[in-house]
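J.: Give the three-dimensional model of this entry:
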Amino acid sequence: MMLVDTHCHLYLEKFDNDLEQVLQRSVDNGIKKIFLPAIDKETHQRVISLSQSAWAGGEFYAMMGVHPCSILANFEEELAIAKQYLDSSNKFYAIGEIGLDYYWDVSFKEQQIIAFERQIEWSIERNLPVAIHSRNSTGDCIASMRKFEGKAKGIFTALAEP
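T.: Numbering: from 1, shown residues only. From the prediction side, this is the model:
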């Protein structure tokens, strides 16, 4: 049996010391494909670097986007940087990790919605799926997705709301 990890942040620094062991455990448990969702400008290059590295047991698949918790006052800058990566020669398999997250802070709720919908548009333009993050925002995520009904496709991860 082959398993696919649709969402794994193995490029983060906390995995630098034991990445090989984590990958070996993945192979040992049947995981052959790992999708790497981007977070923000601090992680984009690490996503690309890991996705282009050799892994004897399987393959990495890079995603590009801006995580909703990284949508702050400078969200236009974050989106512009992600778009530059998308327009580069790098191969991306999805737009992600994108969505809405109202758990920690709702100060930038409107900016999150704008960013989420713009990134959905990118996915439609490029015929790529979206990897959606939703926490305490399921209704708004669904409302945004409905605006693109029949055009957008992807994976929706809704974290449990207390």
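J.: gap between residue 28 and residue 53?
T.: Distance, residue 28 to residue 53, using CB to CB, to the nearest Å: 19 Å. Backbone N, C-alpha and C define where each C-beta goes, glycine included.
J.: what about the spatially closest residue to residue 5 that is not a sequence neighbour, how many residues close to it?
T.: Closest residue to residue 5 apart from its sequence neighbours, by CB to CB, 6 or more residues apart in numbering: residue 34 at 4.5 Å. Residues within reach of residue 34, counting by other CB atoms under 10 Å, total 23.
J.: Give the bridge partners for residue 34, please.
T.: When bridges are called by DSSP bridges, residue 34 pairs up with residue 5, residue 60.
J.: got the contact list for it?
T.: 4-5, 8, 10, 26, 58-61 (CB atoms under 8 Å, 6 or more residues apart in numbering).
J.: now these: which count as buried?
T.: Neighbour-count burial (16 or more other CB atoms under 10 Å) applied to these gives 5, 8, 10, 26, 58, 60-61.
J.: in the biggest helix by length in the chain, what counts as buried?
T.: Secondary structure of the chain per DSSP state H: the longest helix is helix 109-126. For helix 109-126, burial by neighbour count (16+ other CB under 10 Å) applies to 109, 111-116, 118-120, 122-123.
J.: now those in CSV, with distance to residue 146 and pLDDT?
T.: Output for these, formatted as CSV (distance: CB to CB, whole Å; pLDDT from 0 to 100):
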residue, distance to residue 146, pLDDT
109, 18, 98
111, 20, 98
112, 17, 98
113, 13, 98
114, 16, 98
115, 17, 98
116, 13, 98
118, 16, 98
119, 16, 98
120, 11, 98
122, 18, 98
123, 15, 98
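J.: And the longest helix of the chain, how far out from the chain middle?
T.: 12 Å (CA atoms, centre = their mean, to the nearest Å).
J.: Next one: the residue nearest the centre of the chain, what pLDDT does it get?
T.: With distances taken as CA atoms, centre = their mean, residue 97 lies nearest the centre of the chain, 2.0 Å away. pLDDT recorded at residue 97 is 95.
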